[in-house]
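In: structural data only, the sequence is not supplied:
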Ligand SMILES: C[S@@+](CC[C@H](N)C(=O)[O-])C[C@H]1O[C@@H](n2cnc3c(N)ncnc32)[C@H](O)[C@@H]1O
């Protein structure tokens with residue numbers, strides 16, 4: 001045996017150098033109930049009684065679970081069948097109302113909407129980019145509402161972004177958009193001749209990397225893009241007239257410059 005090892009200590013299970021004879025049943029039980037494992041000079045004792053107790057608790061828990069899971073499952077199935085038969089499931093679904101998604105909502109917390117924004121305001125359900133949207137299934141929403149976000153994407157990306165918003169809409173679902181109205185921007189500049197009047201609406205606030213505009217739109221161009229993606233009906237919408245728009249946002253903005261009013265938002269919606 002190596003000189004630095006203590007007498008009677010080996011790598012593995014220790015064997016007492018001179019074990020006492022085991023005479024009685026109790027002695028034998030005691031001997032069996034613990035195994036001393038010695039690794040170098042450190043000792044760890046695993047008490048077999050403790051392990052057996054733990055196993056007994058585990059067995060009892062499993063038995064209890066088996067006894068109660070069956071009846072609970074059966075009761076759940078019965079309830080589901082009764083709800084279906086009585087038409088209450090459909091009623092519950094109808095009461096739940098349309099599924100509304102607000103992409104790039106910013107500070108707006110409109111009731112009934114699922115809110116998504118890259119910035120983590122307290123009312124945001126998903127702090128996430130608005131493209132791509134792998135977190136949502138195809139055909140999940142009745143209304144996808146996006147106000148003044150599409151212009152934050154490059155000319156090359158806009159059709160892909162619209163395609164993704166199309167994907168998550170149910171058939172006959174509506175994509176409701178607001179974007180800066182380029183003809184209005186031109187009109188402001190024509191009247192005032194001051195670049196500062198239009199730089200924000202044209203190029204974004206530029207306060208952070210998500211606040212830059214990369215695309216411009218007018219009614220004709222946006223309609224064509226929406227139809228190319230697969231939408232079947234494109235039209236203008238009015239914030240005061242549509243459902244699910246009981247809030248103020250950029251789509252409702254009217255700027256007064258030099259005594260003249262400019263509605264800077266081009267509001268268009270498309271039906272899937
Ligand atoms: C001009 S604000 C519009 C806010 C609001 N929708 C409105 O109309 O008043 C643009 C919003 O879109 C968010 N945003 C910009 N790019 C985004 C992106 N790629 N993914 C998610 N949110 C984005 C910004 O954080 C910001 O809240």
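Out: On my side now, so go ahead. A quick note: this is a predicted structure, and the numbers were derived from the prediction, not measured. Numbers count the residues shown, from 1 in each chain.
In: and the pLDDT at residue 43?
Out: Listed pLDDT for residue 43 reads 44.
In: same deal with residue 30?
Out: 49.
In: over to the one 10 residues further on?
Out: What the model reports for residue 40 is a pLDDT of 44.
In: try residue 58
Out: If you check residue 58, the pLDDT there is 80.
In: and it, how far from residue 70?
Out: 19 Å (Cβ to Cβ, to the nearest Å). Using the backbone N, CA and C atoms, a C-beta is placed for each residue, glycine as well.
In: tell me, what residue is most central in this protein?
Out: Centroid-nearest residue in the chain, with Cα atoms, centre = their mean: residue 126, separated by 4.6 Å.
In: who does that one bridge with?
Out: Judged by DSSP bridges, the bridge partners of residue 126 are residue 116.
In: could you measure from it over to the ligand?
Out: 9 Å (Cβ to the nearest ligand atom, to the nearest Å).
In: what does residue 223 give?
Out: Taken as Cβ to the nearest ligand atom, the span from residue 223 to the ligand is 21 Å.
In: cross-check the contact I'm expecting between that residue and residue 236.
Out: No. Counting by Cβ atoms under 8 Å, residue 223 sits too far from residue 236 to count as a contact (9.6 Å).
In: what touches both of those two?
Out: residue 268 (Cβ atoms under 8 Å, 6 or more residues apart in numbering).
In: who's more crowded, these two?
Out: residue 223 (17 against 10; other Cβ atoms under 10 Å).
In: name the helix or strand for the more buried one, please.
Out: Taking DSSP states H and E as the criterion, residue 223 maps to helix 219-229.
In: what residues does that helix touch?
Out: Against helix 219-229 from outside (Cβ under 8 Å, 6+ apart): 158-159, 162-163, 166, 175, 177, 179, 234, 236, 266, 268, 270.
In: centre of the chain to the following helix or strand past it, how far?
Out: Later in the chain than helix 219-229, the nearest helix or strand by DSSP H and E is strand 233-236. Centroid separation between strand 233-236 and its chain, computed with Cα atoms, centre = their mean, to the nearest Å, is 29 Å.
In: by contact count, what packs against strand 233-236?
Out: helix 219-229, strand 265-271 (3 or more Cβ pairs under 8 Å, 6 or more residues apart in numbering; DSSP states H and E).
In: export those to JSON lines and tack on distance to residue 75?
Out: Listed next are the helices and strands packed on strand 233-236 as JSON lines, based on distance: least, Cβ to Cβ, whole Å:
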{"stretch": "helix 219-229", "distance to residue 75": "47"}
{"stretch": "strand 265-271", "distance to residue 75": "43"}
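In: contacts only, for residue 145.
Out: By Cβ under 8 Å, 6+ apart, the residues touching residue 145 are 100-103, 110, 113, 176, 244-245.
In: and the ligand, which of these contact it?
Out: Among the contacts of residue 145, no residue lies close to the ligand (Cβ under 6 Å from any ligand atom).
In: nearest to residue 190, of the residues you listed?
Out: Using Cβ to Cβ, residue 176 is the member of those that lies nearest residue 190, at 29.3 Å.
In: in what helix or strand does that closest one lie?
Out: Taking DSSP H and E as the definition, residue 176 sits inside strand 169-180.
In: flag every buried residue along that strand.
Out: By 16 or more other Cβ atoms under 10 Å, the buried positions in strand 169-180 come out as 169-170, 173-180.
In: contacts for that strand, please.
Out: Identification of contacts with strand 169-180 by Cβ under 8 Å, 6+ apart yields 99, 139-148, 150-151, 162, 165-166, 201-202, 213, 216-217, 222, 226, 231, 237, 242, 249-251, 264-272.
In: okay then, goodbye and thanks.
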